[in-house]
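Quick one, fold the following:
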Amino acid sequence: MAADRILIAGAGALGSVFGGMLAAKGHRVAMLGRRAHLDAIARDGLKLSGLFGERVVRGIELADDSARLSGRFGLILCTAKAYDTATVADAVADRLDDDGVIVSIQNGLGNIEALAERFSLRRVLGAMVIFGAEIRTPGASHVTVIAEPVAIGPAPALHGALSTPLAERAREVAAIIAGAGIPAVSRADITPAIWGKLLYNVALNPLGALLGLHYGALVDDPGLRAIINDAIDEAFSVARGVGVALPFADAAAYRDVFYGKLIPPTYEHRPSMIADLKRRGRTEIDALNGKVVELADRLGLRAETNRMLVRLIKAAERKARAALAEAS
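Here you go, the predicted structure:
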């Protein structure tokens, strides 16, 4: 797999970091993304900065339309927003080698299933990313924070007997990414890691987007901390309800890790949901708190804090779309 071509499907801030680091290591990389960002890369190279080092990377194949990509790829990293998963999967459905794999490197729930509808489960892996990046100017991506290595693996509850061979593919992918300078590990079951990231996201992303605050400011406010705790407790109960083997005795044990280990290295980070509202008037709320509410309703569990956050973000989306329409 190390010699195969790699496609970054969704060359935003995060995807640009993966693509740039892999290309700098000598891998043949193509990136599919938005024209303004790619035009700047074509002109001046991809500028990476922040925690993974400073570099300018050239020689990446760039396309703002999948029809402009050349050939097929042994590895596709899907780094698109959760609401674009199906669209991106359709666009690159014929670009994955028969024995290749596509990895969902995305927030929220449902992405593995959406990719499997286009590629079949035998070619889909999941991943958890808890480092942050931002595009400060077109053609440049800055790594702001990192709390844990990227984790990659199958989801046995979905993959069944396919989990064993896919676990080996996950080890190969993790080795490629780690070899490029991005900390990465493989997991035999990625589901607990995805849910662990979900607990983090549902607690911080909506409140950060609604108030325009970084994570540290959220947890330092006692009133907001109470909302954060409620959102986590509800999501933890749902995870238990659907049988996820979280590595925590209870929600309180997770909150100890959340406040003691995850928040300090990401203290000054602001959620990408802020930029999503400003630029598109659309967020990943449905794949985050919305999934918690959906599953809680199915299980007969309480999720009123998460429901409130979904309603507030939906209102913010409507307001943002109206402002964007007025400005255009």
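
how close does the closest residue in space to residue 29 that isn't next to it in sequence get to residue 11?
Counting by CB to CB, 6 or more residues apart in numbering, residue 23 is the residue found nearest to residue 29 once chain neighbours are left out, at 4.2 Å. Where you see a C-beta, it was placed from the backbone N, CA and C, and this is true even at glycine. Distance, residue 23 to residue 11, by CB to CB, to the nearest Å: 11 Å.

Which of the two has more residues huddled nearby?
Set residue 23 next to residue 11 and count neighbours by other CB atoms under 10 Å: residue 11 wins out with 32 against 24.

My assumption is that residue 231 lies in a strand; please confirm.
No. Assessed by DSSP: H, G, I helix; E, B strand; the rest coil, residue 231 does not belong to a strand; its assignment is helix.

from memory it sits against residue 289, does it?
Yes. Assessed by CB atoms under 8 Å, residue 231 is found in contact with residue 289 at 7.2 Å.

So between those two, which is more surrounded?
More neighbours surround residue 289 than the other of residue 231 and residue 289, with 30 against 26 (other CB under 10 Å).

That one against residue 312, yeah?
No. Taking contacts as CB under 8 Å, residue 289 lies outside contact range of residue 312: 9.8 Å.

shared neighbours of these two, anything?
residue 206 (CB atoms under 8 Å, 6 or more residues apart in numbering).

And what about the spatially most central residue of the chain, helix, strand or coil?
Nearest to the mean C-alpha position of the chain, by CA atoms, centre = their mean, lies residue 106 at 2.5 Å. Recorded secondary structure, residue 106: coil (three-state DSSP).

got a pLDDT number for it?
Looking at residue 106, its pLDDT reads 96.

quick one: contacts for the closest residue to it other than its chain neighbours?
Excluding the flanking residues, the one nearest residue 106 by CB to CB, 6+ apart is residue 82, at 5.4 Å. Residue 82 makes contacts with 106, 107, 108, 110, 111, 284, 286, 287, 288, as judged by CB under 8 Å, 6+ apart.

close enough to count as contact, the residue nearest to residue 29 and residue 55?
No. The pair residue 23 / residue 55 is not scored as a contact, 9.8 Å apart, by CB under 8 Å.

anything in contact with each of residue 231 and residue 289?
202, 306, 309.

Please report the distance of the second one from residue 293.
When you say that, I think you mean residue 306. 5 Å.

any idea of the mean pLDDT for stretch 286-295?
98.

List the contacts of it.
Here stretch 286-295 has contacts from 82-83, 106-111, 198, 201-202, 205-206, 231, 234-235, 238, 241-242, 301, 303, 306-307, 309-310, 313, using CB under 8 Å, 6+ apart.

filter those to the buried ones?
Among those, those classed as buried by 16 or more other CB atoms under 10 Å are 82-83, 106-111, 198, 201-202, 205-206, 231, 234-235, 238, 303, 306-307, 309-310, 313.

out of the residues you listed, which are inside strands?
Among the buried ones among the contacts of stretch 286-295, DSSP state E puts none in strands.

Between the two ends of stretch 249-265, how far is it?
Distance across stretch 249-265, first residue to last, is 24 Å (CA to CA, to the nearest Å).

tell me how far it is from the chain's mean position?
20 Å (CA atoms, centre = their mean, to the nearest Å).

Give the buried residues for that stretch.
251, 254, 255, 258, 262, 263, 265.

Could you single out the nearest of those to residue 64?
residue 265 (33.9 Å; CB to CB).

Validate this expectation: that closest one resides in a helix.
Yes. With three-state DSSP as the criterion, residue 265 is located in a helix.

Return the distance of it relative to residue 145.
6 Å.

And residue 121, by the same measure?
32 Å.

repeat for residue 261
From residue 261 to residue 145 the distance is 13 Å (CB to CB).

ranges for the helices of the stretch 151-300 of the chain?
156-159, 163-179, 191-211, 215-220, 222-241, 251-257, 272-280, 289-299 (DSSP state H, counting those that start in this stretch).

Go through the last one and flag the buried ones.
What it means is helix 289-299. Neighbour counts using 16+ other CB under 10 Å place 289, 290, 291, 292, 293, 294, 295, 296 of helix 289-299 among the buried residues.

Need those residues in JSON lines (columns: distance to residue 40).
Converted to JSON lines, those look like this (distance: CB to CB, whole Å):
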{"residue": "289", "distance to residue 40": "34"}
{"residue": "290", "distance to residue 40": "34"}
{"residue": "291", "distance to residue 40": "35"}
{"residue": "292", "distance to residue 40": "37"}
{"residue": "293", "distance to residue 40": "39"}
{"residue": "294", "distance to residue 40": "39"}
{"residue": "295", "distance to residue 40": "41"}
{"residue": "296", "distance to residue 40": "43"}
